[in-house]
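Trainee: Attaching a predicted model along with its sequence, questions to come.
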Amino acid sequence: QVQLVESGGGLVQSGGSLRLSCAASGFTFSSVAMRWYRQAPGKGREFVAIISNTGGTPSYVDSVKGRFTISRDNAKNTVYLQMNSLKPEDTAVYYCNARSGSMGDHWGQGTQVTVSS
């Protein structure tokens, strides 16, 4: 079955960096675009970034452009989110997502990112 396991979250001071990872299994990773979302306390889940199956054409929500970088390693079935210049408003649970017409929509369990001011 499809499994997505996020890691790399933690507590960091404003201006710091974190690198999130999402290890995928149970599907053909290299055939599927991957996404990162986040959910802050009391708010809905928000799209953060997407990367195509080949690693090209990444796209970001405006609030993270220039600070976050999504990447993937298809040999390791892993997608990453490098987060630099973190702000308190980046505090959220971060989720990776994989979806396609044949496999459906799948989410990881999430990893907590807390940015202190």
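Mentor: Perfect, thanks for sending it.
Trainee: Ser59 and Phe47 touch, don't they?
Mentor: No. Counting by C-beta atoms under 8 Å, Ser59 stays clear of Phe47, with 9.1 Å between them. Glycine gets a C-beta too; all of them are placed from N, C-alpha and C.
Trainee: quick one, strands of the chain?
Mentor: 3-7, 10-13, 18-25, 34-39, 45-51, 59-60, 68-73, 78-83, 92-100, 104-107, 111-116 (DSSP state E).
Trainee: In contact with the residue most central in space within the chain, which residues are there?
Mentor: Nearest residue to the geometric centre of the chain (C-alpha atoms, centre = their mean): Trp36, 3.0 Å. Contact partners of Trp36, counting by C-beta atoms under 8 Å, 6 or more residues apart in numbering, are Leu20, Cys22, Val48, Ala49, Ile50, Ile70, Val79, Leu81, Tyr94, Tyr95, Cys96, Asn97.
Trainee: quick one: the third one from Gln1, how far?
Mentor: Looking back up the chat, that one is Val48. 25 Å (C-beta to C-beta, to the nearest Å).
Trainee: If you count surrounding residues, which of these two has more?
Mentor: Val48 (25 against 6; other C-beta atoms under 10 Å).
Trainee: ok, now how distant is the more buried one from Val61?
Mentor: For Val48, the distance to Val61 - C-beta to C-beta - is 6 Å.
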